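Undergrad: Provided below are the primary sequence and the corresponding predicted coordinates.
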Amino acid sequence: MHLSVDSVCKSFGEGKARKLVLDTVSFSISSGEFVALVGSSGSGKSTMMRLVAGLERPSAGRITVDGVPVKGPGSDRGMVFQKYSLYPWLTAAQNVAFGMRLQRLPQREVQERTSYFLEVVGLSDAARRLPRELSGGMQQRVAIARALAAEPKVLLLDEPFGALDLQIRESMQEFLHGLWQRTGLTALLITHDLEEALLLAQRVHILAPRPGRIVRSVEADLPPGELAHLRISPEFLALREELAACLRGLDGGLGL
């Protein structure tokens, strides 16, 4: 799998009211890679995610998956939003199965894949529970299982843990990191949280605001291990401070 974002620009409005939101953004993701875009408000990161998801069209440039232009939403890209977006009247298992039923997959295959991906995210025991009976972190794991069940080529993560409190967010980061290590999933994460990006991604792109553009790209070549240990490693702290200084120098930076 190869996702390519090539010289993408996006503007809204016409004439004097035209506003350039993204300016000549380029990056790529190959199979098994975890890539993050980090930026503050006004950096266009949410717009970039909508473009990759096919919910918006670029004003210039192109986005392709395995050489095929992205012209709209597709099963090759699975989306996980900040809001859990589960159907409250469906159980966890029914939520996971929902997309597969829309694809009219055979019942047996739907059941097998639903069971498998609930097990992958550690929620086999919660299959029959409704969203209101699940914690925020558990609901987000159901959302991730639902996205993975459609077997997308790339998982798109739109600030997936932004609505969670600190303790649950760190637990979910550990979960996602472990999931990537076990399954080799391909993922694109957008976040305003520099630490989260460095912990989870192999490559981090820093977006400057107004208009959004990549001003720095780094390989997060950090020692393997549990995230709790990585957070306090000298390599991680040095890289975090280096990029935080970069962000502080940007207009509207994150203030880290």
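TA: Here it is on my side, so go on.
Undergrad: which residues in the chain form helices?
TA: 45-53, 92-102, 107-120, 136-149, 166-183, 194-200, 227-230, 234-248 (DSSP state H).
Undergrad: including mean pLDDT and mean neighbour count, could these go into JSON lines?
TA: Placement of C-beta: from N, CA and C, glycine included. What follows is the helices of the chain, written out as JSON lines (pLDDT from 0 to 100; neighbours: other CB atoms under 10 Å):
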{"stretch": "helix 45-53", "mean pLDDT": "95", "mean neighbour count": "22"}
{"stretch": "helix 92-102", "mean pLDDT": "93", "mean neighbour count": "20"}
{"stretch": "helix 107-120", "mean pLDDT": "93", "mean neighbour count": "16"}
{"stretch": "helix 136-149", "mean pLDDT": "91", "mean neighbour count": "23"}
{"stretch": "helix 166-183", "mean pLDDT": "86", "mean neighbour count": "16"}
{"stretch": "helix 194-200", "mean pLDDT": "92", "mean neighbour count": "22"}
{"stretch": "helix 227-230", "mean pLDDT": "84", "mean neighbour count": "14"}
{"stretch": "helix 234-248", "mean pLDDT": "89", "mean neighbour count": "15"}
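Undergrad: how about those helices, which one is nearest E14?
TA: E14 sits nearest to helix 45-53 of all those, at 17.2 Å, using CB to CB.
Undergrad: what is the closest one packed up against?
TA: strand 2-12, strand 19-30, strand 34-38, strand 77-80, strand 154-158, strand 187-191 (3 or more CB pairs under 8 Å, 6 or more residues apart in numbering; DSSP states H and E).
Undergrad: take the helices of the chain and write them to JSON lines, including distance to V80.
TA: Listed next are those as JSON lines, based on distance: least, CB to CB, whole Å:
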{"stretch": "helix 45-53", "distance to V80": "10"}
{"stretch": "helix 92-102", "distance to V80": "12"}
{"stretch": "helix 107-120", "distance to V80": "13"}
{"stretch": "helix 136-149", "distance to V80": "5"}
{"stretch": "helix 166-183", "distance to V80": "10"}
{"stretch": "helix 194-200", "distance to V80": "13"}
{"stretch": "helix 227-230", "distance to V80": "19"}
{"stretch": "helix 234-248", "distance to V80": "24"}
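Undergrad: report the central residue of this structure.
TA: With distances taken as CA atoms, centre = their mean, the residue of the chain nearest its centroid is L157 (1.7 Å).
Undergrad: what bridges to it?
TA: Under DSSP bridges, the beta-bridge partners of L157 are V80, L189.
Undergrad: quick one, domains of this structure?
TA: Here the domain parsing of the chain from automatic domain parsing is 1-76+181-256, 79-151.
Undergrad: ok so, going back, compare the helices of the chain and give me the one nearest L207.
TA: Going by CB to CB, the one of the helices of the chain nearest L207 is helix 45-53, 5.7 Å.
Undergrad: compute the inter-axis angle for that closest one and strand 154-158.
TA: For helix 45-53 against strand 154-158, the angle by axes from the mean of the first three to the mean of the last three CA atoms, to 10 degrees is 160 degrees.
Undergrad: many thanks, have a good one.
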